[in-house]
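# Model the following, please.
(chains A and B)
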There are 2 protein chains.
Amino acid sequence: MDKLKTLHGGNITEAIKKYNTENIIDFSANINPLGLPKSVKNIITNNIHSIIHYPDSECTDLKDTLKEYLKIGAENLLIGNGSAELIFLIAQALKPKKVLIPIPTFSEYERAAKLTGGKCVFLKANETENFEVKIERIIKFLPRIDLIFLCNPNNPTGFIFSREKLLTLVKNCQKYKVTLVIDEAFIEFVKNADSLTMVKIAADSPNILVLRSLTKFFAIPGLRIGYLVGNKKIVENISKFQPAWSVNSIAQLVGKEVIKDTSYIKQTREYILKEKEIFFKKLKMINGLKPYPPSANFILCKLIENRFNSKTLSDLLARKRILIRDCSNFRGLNNKFFRVAVRKRDDNFLLINALNKTLNYEL
Amino acid sequence: MDKLKTLHGGNITEAIKKYNTENIIDFSANINPLGLPKSVKNIITNNIHSIIHYPDSECTDLKDTLKEYLKIGAENLLIGNGSAELIFLIAQALKPKKVLIPIPTFSEYERAAKLTGGKCVFLKANETENFEVKIERIIKFLPRIDLIFLCNPNNPTGFIFSREKLLTLVKNCQKYKVTLVIDEAFIEFVKNADSLTMVKIAADSPNILVLRSLTKFFAIPGLRIGYLVGNKKIVENISKFQPAWSVNSIAQLVGKEVIKDTSYIKQTREYILKEKEIFFKKLKMINGLKPYPPSANFILCKLIENRFNSKTLSDLLARKRILIRDCSNFRGLNNKFFRVAVRKRDDNFLLINALNKTLNYEL
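Down below sits the predicted model:
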């Protein structure tokens, strides 16, 4: 496994250079389509001078705001340089020998597990069942694994567990003393997020961890900011592996303000809930395309009975200044899959048209 | 070893809260006293919107500028979330079993080495010899160690190697296949930095690495940005351990502009060269104080025949809104040592007065 640019979506910098225009519509990164919360510009402009000081290594103010937002204690929180850093810190601190990863999913779990000497067991979800991850299948593995990376809702498939099923898994992980890492990077986009999140259970459990991101929901991936929720002891253990001053000052300042922006949060939820369904319906109507039911702000699609593969389609759309996420490098998928983010309605319709044209009319 | 707030200087956030004023003079962090380069404010203000995109994980533009600045290849560079991240990545990638650390020095080397299972051998410099690190003593250890962390100029002592001695060490490390990590975080403040840096040698050597920081010299510690120089193979190896998107967008944008600011660089060098000598002379004149000869932008001091220790002195000065770095938690020092940064002349003189008063007149 290599840290390659092509592993992830969101390589817009490269596209901007290649096509020499900023006028690119990026469906490849799953970022809140409403854009930056209003407060961000002023927070940054008014605090530029603060960068002459080291950041607060403990992120005290941000933790104080987050603990209110999540109704947990500050001692249950570790802030990271994006949740990507936290995935690596978990692997370093716990050094799991056998790691279960339901696939297809975000590739950094595998990379982090392998770098600390872990062996990965991959549990492949079935595309004919909309990539549902079967709790029963996971439970069978519990006696012989140390840790599970579970992305919920799952990137890129959109599959999400019911609270009931997740609680069954949690209980069994506790029984077998298996660490369950639930990556909720996209959960705030989901209907009933409050009842589906495991944040409170993680804060009280010795072996349940929840990862969250501010990047996607608040449209600030450039700043790098994520957090981990766990019980006090495990959070302390993991934090020992974090380099000093990992979270930059601007991320801390912006982070603590945006999570208080209840109107932005409400607006985003309402928008995504409605728009993802409209987008999904339109995608379903395209000949040669199978979209999978979305739960968050992105939709996985498969090319069926089609002369294109996801690479050629991505390239054709890129020439029209439209970026999609070719999913052929996801373990468990192939070169018929791609992922699109839910964007503003005009953009989404523009993609629908481009897909219709490319897949069905052009030669 | 724990990641505690008290481990490092620069905890101004805490002081600002405690004394409820921003009017604090911080000698505890070694930051360029000229403040932010002029361009920084505009770069940030004009690029706020770019944070809605993921950062370039490869830092292509920043590397392209740095390779010109350093006259090496882009393939010799790895950019980090501060050089602190790079120290940890080196330890993770190379997993050295026996690590030699000349002390007293920056504490993150020891922390990083121990977290990856390394055993540390500490080579204590003699305070009666101005903490000179003896190359001959290091060389004797080479047959039984894997890696050396060498801070040059050394934080907090200010000791710096001559080019000749360093080349002798480099040659011997190559002979014994010991990895030599030279942390040049402060070298740009030093006279003849160009002849003392090992950047070019690192770019061509299989086992010599140089760490650099943009944080201190360009007064941007809040943004987090450092880099590593090594040969292509070792840089590729270490980069595999880095989480995706480690370096935030703003750090990348600011970084590539400030290193082109030749007038700021020249002004800083001239200012520090002159001012550190004036500050040093004044400190020498204080009864009960022994400062050690500085090479960069900070000065280590020892309290001699004095009723105070570094903790009580720090506390007394903090009440006057002056922060110094109590060095009692540096391995190899004790509670008689503290470190001060070279700041603007007015500030430096204000500290001189406060020290004079506190140490010699007040009861």
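# Any buried residues in stretch A:213-230, and which?
By neighbour count on 16 or more other C-beta atoms under 10 Å in any protein chain shown, the buried set for stretch A:213-230 is A:213-230. In this view, the C-beta of every residue, glycine as well, is placed from N, C-alpha and C.
# For A:Phe298, grab phi and psi.
phi -150, psi 160 (degrees, to the nearest 10).
# Now do the same contact list for it.
A:30, A:155-156, A:158, A:186, A:339-342 (C-beta atoms under 8 Å, 6 or more residues apart in numbering or on different chains).
# Let me know the closest of the residues you listed to chain B.
Checking the contacts of A:Phe298 against chain B with C-beta to the nearest C-beta, the nearest one is A:Asn30 at 10.3 Å.
# Touching, that closest one and A:Asn155? I think so.
Yes - counting by C-beta atoms under 8 Å, A:Asn30 does reach A:Asn155; the two are 7.1 Å apart.
# So those two - more neighbours on which side?
A:Asn30 (27 against 24; other C-beta atoms under 10 Å in any protein chain shown).
# about what we covered before: okay, and the common contacts of A:Asn30 and A:Asn155?
Common contacts of A:Asn30 and A:Asn155 (C-beta under 8 Å, 6+ apart): A:186, A:298.
# Show me the helices in chain A, by range?
A:12-19, A:39-46, A:60-70, A:82-94, A:108-115, A:135-141, A:163-176, A:193-196, A:199-204, A:232-239, A:249-258, A:262-284, A:310-319, A:345-356 (DSSP state H).
# Next, the buried residues of the third one.
Of the residues in helix A:60-70, A:60, A:62-63, A:65-67, A:70 count as buried by neighbour count, 16+ other C-beta under 10 Å.
# Would you reformat those residues as CSV and include pLDDT and distance to A:Glu236?
Formatted as CSV, the buried residues of helix A:60-70 follow (pLDDT from 0 to 100; distance: C-beta to C-beta, whole Å):
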residue, pLDDT, distance to A:Glu236
A:Thr60, 96, 15
A:Leu62, 98, 18
A:Lys63, 98, 13
A:Thr65, 97, 21
A:Leu66, 98, 17
A:Lys67, 98, 16
A:Leu70, 97, 18
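# near chain B, from those residues?
By C-beta under 8 Å from any C-beta of the partner chain, the members of the buried residues of helix A:60-70 lying near chain B are A:Thr60.
# Touching, A:Phe27 and A:Lys320? I think so.
No - counting by C-beta under 8 Å, A:Lys320 is not a contact partner of A:Phe27; they are 11.7 Å apart.
# out of those two, which sits in the busier spot?
A:Phe27 (23 against 16).
# Any figure for the gap between the nearest residue to A:Lys124 once chain neighbours are set aside and chain B?
Leaving aside its chain neighbours, A:Lys124 sits nearest to A:Gly332 (5.0 Å; criterion: C-beta to C-beta, 6 or more residues apart in numbering or on different chains). To chain B, A:Gly332 is 19 Å away according to C-beta to the nearest C-beta, to the nearest Å.
# Mind pulling up the pLDDT for A:Gly332?
What the model reports for A:Gly332 is a pLDDT of 97.
# and the closest residue to chain B within the stretch 1-150 of chain A, how many residues sit next to it?
As assessed by C-beta to the nearest C-beta, chain B sits closest to A:Ile51 within the stretch 1-150 of chain A, at 3.3 Å. The number of residues packed near A:Ile51 is 26, by other C-beta under 10 Å.
# JSON lines for the helices of chain A, including distance to B:Leu300?
Shown next, in JSON lines, are those (distance: least, C-beta to C-beta, whole Å):
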{"stretch": "helix A:12-19", "distance to B:Leu300": "43"}
{"stretch": "helix A:39-46", "distance to B:Leu300": "36"}
{"stretch": "helix A:60-70", "distance to B:Leu300": "29"}
{"stretch": "helix A:82-94", "distance to B:Leu300": "33"}
{"stretch": "helix A:108-115", "distance to B:Leu300": "38"}
{"stretch": "helix A:135-141", "distance to B:Leu300": "56"}
{"stretch": "helix A:163-176", "distance to B:Leu300": "51"}
{"stretch": "helix A:193-196", "distance to B:Leu300": "53"}
{"stretch": "helix A:199-204", "distance to B:Leu300": "43"}
{"stretch": "helix A:232-239", "distance to B:Leu300": "29"}
{"stretch": "helix A:249-258", "distance to B:Leu300": "27"}
{"stretch": "helix A:262-284", "distance to B:Leu300": "49"}
{"stretch": "helix A:310-319", "distance to B:Leu300": "56"}
{"stretch": "helix A:345-356", "distance to B:Leu300": "58"}
